[in-house]
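S.K.: Fold the stuff below for me.
(4 chains)
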Protein chains: 2
Amino acid sequence: MARTREFDLDAAVNAAMDVFRSKGYEGTSMRDLSEATGLGSGSIYAAFGSKDGLYLAVLDLYRQRYATPMVDLLRSGNDARAVIREVFIGTVDDITGDGRHLSCLIVGASMERAHQDVRVAERLRSTTQSLELALYDLLAEAQLRGQITTDRSATDLAGFLVTSLQGLRVMGAINPDRAALTRYAEVALTCLD
Amino acid sequence: MARTREFDLDAAVNAAMDVFRSKGYEGTSMRDLSEATGLGSGSIYAAFGSKDGLYLAVLDLYRQRYATPMVDLLRSGNDARAVIREVFIGTVDDITGDGRHLSCLIVGASMERAHQDVRVAERLRSTTQSLELALYDLLAEAQLRGQITTDRSATDLAGFLVTSLQGLRVMGAINPDRAALTRYAEVALTCLD
DNA sequence: GCGATACTTTGTCGATCGTTCCAGATAGTG
DNA sequence: CACTATCTGGAACGATCGACAAAGTATCGC
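M.R.: Model prediction:
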């Protein structure tokens, strides 16, 4: 063995995430990433291989940070309507939370990177799919219990809800009006009636 | 007077639009734009001033090309539900239309440019606002006629519908499944019931 | 304490970035 | 037909890009 790594990998990925979220992939330079992480470019390349490698690591952390808790919440066994409302409110909070204009990495990656990098596209599909699946399971059971409409299949409802969440991200980037976004979310939830 | 401009300005902006839609703003180089438009960089700078200038021209053309017809359709005086469904179907068609992976310039600009360039942000707000307004007028009258629900205000319904359209764009970029997107759109329309 | 190992830093690479400038080409004016 | 004003394409600018190699430094087993 020999010298151990001095910096915290997760902390570096975290710092890089903020930069990518505010500047996008192409808009972020290695210099930006060096400054944000406090690492020399050599260390970054040793740890992640390339700018793409770091971006993928950031994307994975983002998924773990935001998508996984959301899925866990949906699978917590609580009331379907309440849980889904909580997810929507949480998303609106996240959008309008700080004034740092950190856009959603998922939506940003969808627009900027999905068509350029198949590994990004895979991760995006996997993320939305796991979210849709968690919603599906929750909605299907709620339908059996007669708690929500059966006019539409649980599959369609789940896909629609994810679509609405993505839409809120976009609208929030254009006009981060918390009250308005909350009302739009409420309308979306009426589709369960 | 002297020599007249030889190339078609609109055609150049059109060609540039395809590049920006597939590569994003930062991902597009002046070299890309030169090749796509067939113009030397000197001509581009003479006509548009800068890369930003060309991007703004592209954004304006995109608004004129897609947003304006949509507003016109909404104001055509036809049945509200039918017209709105037509807008949604048209959007899904646009997303899944060709295999060239041309993402929505509005959504792309929202993610990549809105926070960097206030002129872009202004245009985005103006575009969504005019769309929301057209929807509002249509919905408010439909409410008076008892054609759609009055449980939610026309304002909220209009904002929600625009949100859904943006969401469809994002979902389409991740997974351009026409049938699925159509079903999600149908669910969104049930909010009018 | 020593050698071996692996991480960090620094400087630099060729390529490419957005932009500018210039020489040549072209069309209108007298 | 010459003159001139404007447009055109491409060369060239400094700056910055992502990537890398080499040198320096700190930690481990022994």
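S.K.: ok, and does the longest helix along chain A reach over to DNA strand D?
M.R.: Counting by DSSP state H, the longest helix found in chain A is helix A:118-144. No: against DNA strand D, helix A:118-144 shows no contacts by Cβ under 7 Å from any atom of the strand, the least distance being 13.7 Å. From N, CA and C alone the C-beta is placed, and that goes for glycine too.
S.K.: For the closest residue to chain B within chain A, what is the enclosing helix or strand?
M.R.: Nearest residue of chain A to chain B (Cβ to the nearest Cβ) works out as residue A:167 at 2.8 Å. Element membership for residue A:167, per DSSP states H and E: helix A:154-174.
S.K.: Check which helices and strands the longest helix of chain A is in contact with.
M.R.: helix A:51-62, helix A:68-74, helix A:80-96, helix A:105-112, helix A:154-174, helix B:154-174 (3 or more Cβ pairs under 8 Å, 6 or more residues apart in numbering or on different chains; DSSP states H and E).
S.K.: next structured bit after the helix holding residue A:167?
M.R.: As assigned by DSSP H and E, the chain's next helix or strand after helix A:154-174 is helix A:178-189.
S.K.: Buried ones in that following helix, by neighbour count?
M.R.: By neighbour count on 16 or more other Cβ atoms under 10 Å in any protein chain shown, the buried set for helix A:178-189 is A:180, A:181, A:182, A:183, A:184, A:185, A:187, A:188, A:189.
S.K.: where's that helix relative to the chain centroid, distance-wise?
M.R.: 19 Å (Cα atoms, centre = their mean, to the nearest Å).
S.K.: can you check stretch A:104-114 too?
M.R.: 10 Å.
S.K.: Please enumerate residues in contact with it?
M.R.: Stretch A:104-114 is touched from outside by A:17, A:20-21, A:24-26, A:55, A:58-59, A:62-63, A:66-67, A:95, A:120-121, A:123-124, A:127-128, A:166, A:169-170, A:173, B:24, B:27, B:103, B:107-108, B:111-112, B:170, B:173-174, with contacts defined as Cβ atoms under 8 Å, 6 or more residues apart in numbering or on different chains.
S.K.: can we see that at 7 Å?
M.R.: With contact meaning Cβ atoms under 7 Å, 6 or more residues apart in numbering or on different chains, stretch A:104-114 is reached by A:17, A:20-21, A:24-26, A:59, A:62, A:120-121, A:124, A:127, A:166, A:169-170, B:24, B:27, B:103, B:107-108, B:111-112, B:170, B:173-174.
S.K.: Going by neighbour count, which of those are buried?
M.R.: Judged by 16+ other Cβ under 10 Å, buried ones among the contacts of stretch A:104-114: A:17, A:20-21, A:24-26, A:59, A:62, A:120-121, A:124, A:127, A:166, A:169-170, B:24, B:27, B:103, B:107-108, B:111-112, B:170, B:173-174.
S.K.: Tell me who's in contact with residue A:134.
M.R.: A:71, A:74, A:75.
S.K.: about what we covered before: could you give the mean pLDDT of the longest helix of chain A?
M.R.: Average pLDDT, helix A:118-144: 97.
S.K.: could you check the angle helix B:178-189 makes with that helix?
M.R.: Taking axes from the mean of the first three to the mean of the last three Cα atoms, to 10 degrees, one finds helix A:118-144 and helix B:178-189 inclined to each other by 50 degrees.
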